[in-house]
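>>> could you look at this predicted model? Sequence included:
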Amino acid sequence: QVRLVESGGGLVQAGNSLRLSCAASEGTNSRPTLMWMGWFRQTPGKDRDLVAALSWNSGATYHVDSVKGRFTISRDYAKNTLYLEMNNLRSEDTAVYYCAAGARDYRKISNFDSWGQGTQVTVSS
């Protein structure tokens, strides 16, 4: 597993922007092979849903339809850091955002076996 630490959440007005960061630290074993990293979000009483995913080696990305054109997932390979640039934020984007990493297909949440602690994003209308 990989240690993940998120930062960058906060309170913003609708229409504004935030950038989330997720720093990945190697474990005590040999360097882990990351295939996919992702950003998920969760609101009280709801499931944790995928927002965007990125192939660590190739840089290929996936964004759910509700954030396409507004959010962008990216990475700094040298810094082992994942980002989520969020523009034109809406009240419905309010959630706890989690960074996750896994060695298999991003389309199953169960394939992500390392998780950060979460960061709150609150968008006021």
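Looks like it came in fine. Numbers count the residues shown, from 1 in each chain.
>>> only C-alpha atoms from now on, for both contacts and neighbour counts.
Fine.
>>> any idea how far the spatially most central residue of the chain lies from G10?
The centroid of the chain falls nearest to W39 when counting by CA atoms, centre = their mean (2.1 Å). Distance from W39 to G10, counting by CA to CA, to the nearest Å: 16 Å.
>>> if I pick the residue nearest to the centre of the chain, what's in contact with it?
Neighbour list for W39: 50-53, 84, 97-100 [criterion: CA atoms under 8 Å, 6 or more residues apart in numbering].
>>> for it, grab phi and psi.
phi -110, psi 130 (degrees, to the nearest 10).
>>> what number of residues lie near the closest residue to Y77 other than its chain neighbours?
Take Y77 and drop its neighbours on the chain: the residue closest to it by CA to CA, 6 or more residues apart in numbering is W56, 7.7 Å away. By the criterion of other CA atoms under 10 Å, W56 has 23 neighbours.
>>> the one 10 residues further on now?
The number of residues packed near S66 is 11, by other CA under 10 Å.
>>> can you give me the strands in the protein?
3-7, 10-13, 18-25, 36-42, 49-55, 61-63, 71-76, 81-86, 95-102, 112-115, 119-124 (DSSP state E).
>>> could you dump those strands into CSV and include mean pLDDT?
Shown next, in CSV, are the strands of the chain (pLDDT from 0 to 100):
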stretch, mean pLDDT
strand 3-7, 94
strand 10-13, 98
strand 18-25, 94
strand 36-42, 96
strand 49-55, 96
strand 61-63, 97
strand 71-76, 95
strand 81-86, 96
strand 95-102, 96
strand 112-115, 93
strand 119-124, 98
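>>> and stretch 58-73, how far apart are its ends?
From its first residue to its last, stretch 58-73 covers 13 Å (CA to CA).
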